[in-house]
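**Student:** Quick one, structure for this:
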Amino acid sequence: MTIKTKLSNLSIVLFLIVCASLTNHGHSAKAQDDQIPAAAHELLQSQIVQQKACTTCHTISNQGGTVGPILNQIGNRRSPDWLTKWLKDPNAVKLGTKMPNFRFNDADIEELVGYFQRMKRVIPTDQIFAEATSPEDAGEKLFKAYDCYACHKIGDRGRIIGPDLTWVGKRKTQEWERVWLKDPPAYKPDTFMPNFHLSDREIEALSSFLHTLQGQHNDAGRQEEALFQFFLGGGAKQRGQFVFERFACWSCHGEGGHGGIKNPNAYTEEEEYIGEVPPLDEVTNLMEPDEIREIVINGAIPEKNDSDGENPPYACPEWGDSITEDELNDLIIYLESLAPPKPQFQLVE
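**Tutor:** Predicted structure coming up:
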């Protein structure tokens, strides 16, 4: 494929992504315009947003790209102090973030933070619970009201700033979700997810909804990936990365499989990873493909480091009924791409 052809394909994909983004968010805005704070419409027209082309990556009001989080309710998620630090230097807050440092001056930061703080929405919790037909229904309504799609994806809807939630009901227990939603930074200090200070009633409803997500939206995610793959032509490695993200393997094994996720009381043969979920960036150097297949298909429950202690919270589910053979093959190829080259030994005469 020539460079010209690749660029042409990329242009088409970007056009389709923009069209899909505008269509999806446009429908959402028309159907739920009361959920978009008035300040978001004002921010969209501001000189700073126009000059910095913020909507290339972010959705503001009902327009914009799909790379970064949706900003309509960012005031519900972040404090003025956090926003100020982020705008001054995003990489200092989240190492490796894709957001560049625009070197905003103090006046610009003050103006943007002012917009963001006015972009708060009072969540109609009482109304949601009054109209809900079940805890799961209330949880789904709260999920939308808190704009969780701004960072999370279910099927083909939402963003992948945080873990894809298409299979979260299979990956996590409802009890784990309750603990997580109570205070995410307390459970994982370096998490990008803020503490929403949810009530116990909200936590129970949200965890009930999340537990219903057992892959019923999986085909929608697959179809979206197939569209991207058709135009980008990324091959097996790219398809494997899609699988890695849709099944949210990185939520346990770290971004890019680099590890660092705490798993209290988990034992591994590698002493340095005791109490952690093992990284995957060298798994293909340490294990044969058939061994990896067996773990993915049948799952893996980590041994306890202290036999009298609690069970480690993270375990690999059985994916045998959920992942196709082609997806599994592509996943292994993606994992191989993460591994450093194997050392080459030569016999010296």
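**Student:** quick one: the strands in the stretch 201-349 of the chain?
**Tutor:** Under the criterion DSSP state E, counting those that start in this stretch, the stretch 201-349 of the chain carries strands at the ranges 266-267, 303-304.
**Student:** most packed of those?
**Tutor:** Most buried of those, by mean neighbour count (mean count of other Cβ atoms under 10 Å): strand 266-267, with a mean of 19. (C-beta placed from N, C-alpha, C; glycine too.)
**Student:** check which helix or strand covers the nearest residue in space to F209 that is not next to it in sequence.
**Tutor:** In space, and not counting its chain neighbours, F209 is closest to G139: 2.8 Å by Cβ to Cβ, 6 or more residues apart in numbering. Using DSSP states H and E, G139 maps to helix 135-145.
**Student:** what's the next secondary structure element after that helix?
**Tutor:** Counting by DSSP H and E, what follows helix 135-145 is strand 153-154.
**Student:** need the next SSE after that following strand, C-terminal direction.
**Tutor:** Using DSSP H and E, the first helix or strand after strand 153-154 is strand 157-158.
**Student:** And the next helix-or-strand element following that next one, what does it pack against?
**Tutor:** Sequence-wise, the next helix or strand downstream of strand 157-158 (DSSP H and E) is helix 168-171. Using 3 or more Cβ pairs under 8 Å, 6 or more residues apart in numbering; DSSP states H and E, the elements in contact with helix 168-171 are helix 200-211.
**Student:** which stretches of the stretch 151-300 of the chain aren't confidently modelled?
**Tutor:** Judged against pLDDT under 70, the stretch 151-300 of the chain has no low-scoring part.
**Student:** and the gap between the residue nearest to F209 and Y267?
**Tutor:** Per Cβ to Cβ, to the nearest Å, G139 is found 34 Å from Y267.
**Student:** cool, A39 as well?
**Tutor:** 51 Å.
**Student:** Could I get the contacting residues of P302?
**Tutor:** By Cβ atoms under 8 Å, 6 or more residues apart in numbering, the residues touching P302 are 263, 266-268, 312, 314-315.
**Student:** and if we set it to 6 Å?
**Tutor:** Contact analysis of P302 by Cβ atoms under 6 Å, 6 or more residues apart in numbering lists 266, 312.
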